[in-house]
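Chemist: Have a look at this prediction, sequence included:
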Amino acid sequence: MTHVAEIVTFELANGTTPEEFVKLSQASEAFVRAAPGFAHRQLSQGEDGRWTDYVIWTDIKAAQDAAAQFPQQGFAPALIAAINPEGMQMRHENVLWNMTA
């Protein structure tokens with residue numbers, strides 16, 4: 001079975017601290033966990049200040065359905081406002097190989 005990776009890269013909006021953003025992201029946990037097809041998620045920040053939200057879905061339909069429903073959730077306005085829209089990129093890729101510990 002081929003999973004789909006949803007990869008969102010971005011910078012935080014001015015005035016948003018990393019700690020605040022992690023809390024805002026955690027507010028989306030119940031929605032993402034309950035979304036059909038959810039498999040795994042991780043959030044990271046690079047030394048250059050850019051962030052990556054990496055979500056694994058069972059298929060592209062699950063990823064697209066969750067993405068369509070995401071903006072209507074109660075937590076979404078604050079989370080979206082904490083992201084600088086310039087330079088934000090979201091893409092979906094087929095997972096061709098997976099290795100775990």
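Modeler: Thanks, I have the structure now.
Chemist: C-alpha from now on. contacts and neighbour counts both.
Modeler: Fine.
Chemist: what sits up against stretch 59-72?
Modeler: 2-4, 6, 32, 35-38, 57, 76-77, 92 (Cα atoms under 8 Å, 6 or more residues apart in numbering).
Chemist: next one: stretch 32-46
Modeler: So stretch 32-46 is contacted by Trp51, Thr52, Asp53, Tyr54, Val55, Ile56, Trp57, Thr58, Asp59, Ala62, Ala63, Ala66 (Cα under 8 Å, 6+ apart).
Chemist: let's go with 7 Å and repeat that
Modeler: Trp51, Thr52, Asp53, Tyr54, Val55, Ile56, Trp57, Thr58, Asp59, Ala62, Ala66 (Cα atoms under 7 Å, 6 or more residues apart in numbering).
Chemist: List the buried residues of stretch 68-80.
Modeler: Buried positions in stretch 68-80, judged by neighbour count with 16 or more other Cα atoms under 10 Å: Phe70, Phe75, Ala76, Leu79.
Chemist: With pLDDT and secondary structure added, can I get those residues in TSV?
Modeler: Below are the buried residues of stretch 68-80 laid out as TSV (pLDDT from 0 to 100; DSSP: H, G, I helix; E, B strand; the rest coil):
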residue	pLDDT	secondary structure
Phe70	96	helix
Phe75	97	coil
Ala76	97	helix
Leu79	97	helix
